[in-house]
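Peer 1: sequence isn't available, so here's the structure alone:
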């Protein structure tokens with residue numbers, strides 16, 4: 001524990017936790033302090049001026065980051081016939097209909113994301129209590145209920161990030177890995193921020209984006225200047 005304490009102390013000594021840093025400088029600080037024995041993820045946290053209790057202020061969507069996230073997602077697709085074959089050719093890890101539903105009900109959830117054709121939502125709907133709490137229910141707004149199953153699979157495999165503001169109006173997401181160079185992480189961050197800005201609810205009054213910070217899996221948060229995110 002003493003060793004961990006020294007590491008954290010050294011990390012906090014390397015930057016001013018109260019200061020706002022421009023994006024590139026913040027990324028450099030985070031990369032310099034990401035010294036775990038694994039490739040740490042780079043996480044973004046965005047505090048938004050929204051009240052998610054209001055139905056017209058829910059912030060939710062998906063965005064494909066230009067440089068991916070560095071994570072490989074396993075995709076399950078609920079589809080039949082030609083669409084099932086289309087999904088397989090696109091690289092889906094699991095494809096099925098009632099048989100796949102039964103596998104999930106039996107507790108075999110060997111995937112990270114779910115895509116479904118509209119006609120399969122009657123089947124997928126029976127999995128709401130299983131997939132819902134895991135945030136994996138297909139949704140048209142996320143592009144995961146679609147006839148373009150090949151496009152959806154490729155988007156997920158290519159680094160698509162789903163986002164949703166939590167009860168406190170904060171959006172969390174992975175925007176890369178510590179092994180990415182500064183430019184790639186910064187490009188991903190800007191793409192993610194742009195997607196959040198586009199998802200701004202019409203009912204929001206005043207300043208929408210309040211605070212943004214970046215951190216690595218085992219590192220502290222570094223606050224960003226909003227002007228550097230444009």
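Peer 2: That came through, no problem. Just so it is clear, the structure is predicted and the values come from calculations on it, not from any experiment.
Peer 1: list the buried ones in the longest helix along the chain?
Peer 2: As assigned by DSSP state H, the longest helix anywhere in the chain is helix 182-198. Across helix 182-198, burial judged by 16 or more other Cβ atoms under 10 Å covers 184, 185, 186, 187, 188, 189, 190, 191, 192, 193, 195, 196. The way it works is simple: take the backbone N, C-alpha and C, and place the C-beta from them, glycine included.
Peer 1: residues in contact with the next helix or strand along the chain from that helix?
Peer 2: As assigned by DSSP states H and E, the chain's next helix or strand after helix 182-198 is strand 209-216. Outside of strand 209-216, the residues within contact range by Cβ atoms under 8 Å, 6 or more residues apart in numbering are 26-27, 30-31, 33-34, 36, 40-49, 175, 178, 189, 193, 196-197, 221-224, 226, 229.
Peer 1: any chance of the buried residues of helix 182-198 in TSV, plus distance to residue 102 and pLDDT?
Peer 2: Converted to TSV, the buried residues of helix 182-198 look like this (distance: Cβ to Cβ, whole Å; pLDDT from 0 to 100):
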residue	distance to residue 102	pLDDT
184	41	97
185	41	98
186	45	98
187	42	97
188	38	97
189	41	98
190	43	98
191	38	97
192	36	97
193	41	97
195	36	96
196	38	97
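Peer 1: out of those, flag the one nearest to residue 116.
Peer 2: The closest of these to residue 116 turns out to be residue 195 (Cβ to Cβ; 22.7 Å).
Peer 1: okay but that closest one is in contact with residue 171, surely?
Peer 2: No: if you go by Cβ atoms under 8 Å, residue 195 and residue 171 don't touch, sitting 9.8 Å apart.
Peer 1: need the overlap of contacts for the two.
Peer 2: residue 163.
Peer 1: distance of residue 85 relative to residue 205?
Peer 2: Separation of residue 85 from residue 205 (Cβ to Cβ, to the nearest Å): 49 Å.
Peer 1: in this structure, which spans are helices?
Peer 2: Taking DSSP H, the helices of the chain run over residues 2-13, 23-33, 81-90, 98-105, 121-124, 128-131, 149-157, 182-198.
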